[in-house]
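Enquirer: dropping the sequence and predicted coords here.
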Amino acid sequence: MSNATSLLDNYREPNPAPRHPEKAQRPDQPVARKPAWIRVKAPGSPQWEATHKIVKEHRLVTVCEEAGCPNIGECWEKKHATFMIMGDTCTRACAFCNVRTGLPRALDPAEPTRVAEAIKKLGLAHAVITSVDRDDLNDGGAEHFAKVVAAIQAVSPTTSVEVLTPDFLRKQGALERVVAAKPDVFNHNLETVASKYLEVRPGARYFHSIRLLQRVKEIDPGIFTKSGMMLGLGEKRHEVLQLMDDLRTADVDFLTIGQYLQPTRKHHEVVRFVPPDEFASYAEVALAKGFLLVSASPLTRSSHHAGDDFARLKARRLALRERL
Ligand code: SF4
């Protein structure tokens, strides 16, 4: 059996390890009933099946499935799948996230080609690529990210590419490697306000993430930058406004705000379901603070409608330049 084949088999094998071993001893958190405004399209339409088939045929992992995204019925019907590269196992253990945690497997050198081929088959005009955190790798997986971007650019040259990266904390040169691959959009999510980091995102550092986004713009001002956060984790309104200011200081173009949904009883509880009009109010404030684009609604997710939003971003930047 060749090395490549055994790596592919690794991807196919069901992983019998517990999904969130670090959370097993935690007390159960109450699970609140979802309000009427959180209603989604059920998966399973013929178009959904077609997307599912392409994902499985190419032995790829999607964040749509691993994160238990509520929009999978809608997105996959339009063939919009977001690929999660470098395996299905994350080295962090965020309190909100449904992605499996543990010791990841070796990188699959054939993955960039398979991702690019799947994107071509899906006919995506805009592709979003995210990954698990790979703190175990010297470069945090930056080289692999760059290879995936390059493979998409080679196989599907008209497809715009958006990367949604980890924070590359303590991985010198990693960010620069990904930016050099020239993605069209660089996204890195803050996820929550600064005061909640220890509880919600303990392996990360709020100001490191802000600085990461700022560096992207310093290195290549042509790349659109984007970040996202969740509401409902116990944050205060003034903290959300502060987060917006911090992102604007880093010259971030696009902010997404969605409702946190609790994956299991062992995850952080939903402190509050924020009503849609409050999202609209945050969007208004954020636009006034200077973001080119804001998407804020209970079901907003980083990659939701990312292609349409990319077109809007380009149009708004152009309109702004013409005004100057
Ligand atoms: S919103 Fe993003 S993660 Fe969720 S289903 Fe759509 S593409 Fe996948």
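Expert: Structure received. Predicted model only: the values in this text are computed from it and were never measured. Numbering: from 1, shown residues only.

Enquirer: in the stretch 1-150 of the chain, which spans are strands?
Expert: With DSSP state E, counting those that start in this stretch as the definition, the stretch 1-150 of the chain shows strands at residue ranges 83-85, 89-90, 100-101, 126-131.

Enquirer: please name the nearest non-neighbouring residue to Gln29.
Expert: Across the structure, with C-beta to C-beta, 6 or more residues apart in numbering as the measure, the residue nearest Gln29 apart from its sequence neighbours is Glu269 (4.0 Å). To be clear about C-beta, it is placed using only N, CA and C from the backbone, and glycine gets the same treatment.

Enquirer: likewise Ala118?
Expert: Nearest residue to Ala118, sequence neighbours excluded (C-beta to C-beta, 6+ apart): His58, at 4.1 Å.

Enquirer: contacting residues for the nearest residue to Ala81 once chain neighbours are set aside?
Expert: Nearest in space to Ala81, with sequence neighbours left out and distances taken as C-beta to C-beta, 6+ apart, is Thr62 at 5.0 Å. Thr62 sits next to 55, 81-84 when contact means C-beta atoms under 8 Å, 6 or more residues apart in numbering.

Enquirer: any chance of TSV for those residues, columns distance to Leu241?
Expert: Formatted as TSV, the contacts of Thr62 follow (distance: C-beta to C-beta, whole Å):
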residue	distance to Leu241
Val55	39
Ala81	34
Thr82	29
Phe83	33
Met84	31
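
Enquirer: so which of the residues you listed also contact the ligand?
Expert: Intersecting the contacts of Thr62 with the contacts of the ligand gives Thr82 (criterion: C-beta under 6 Å from any ligand atom).

Enquirer: who's the residue nearest to Ala81 bridged to?
Expert: Applying DSSP bridges to Thr62 yields these beta-bridge partners: Phe83.

Enquirer: state the pLDDT value of it.
Expert: Thr62 is assigned a pLDDT of 98 by the prediction.
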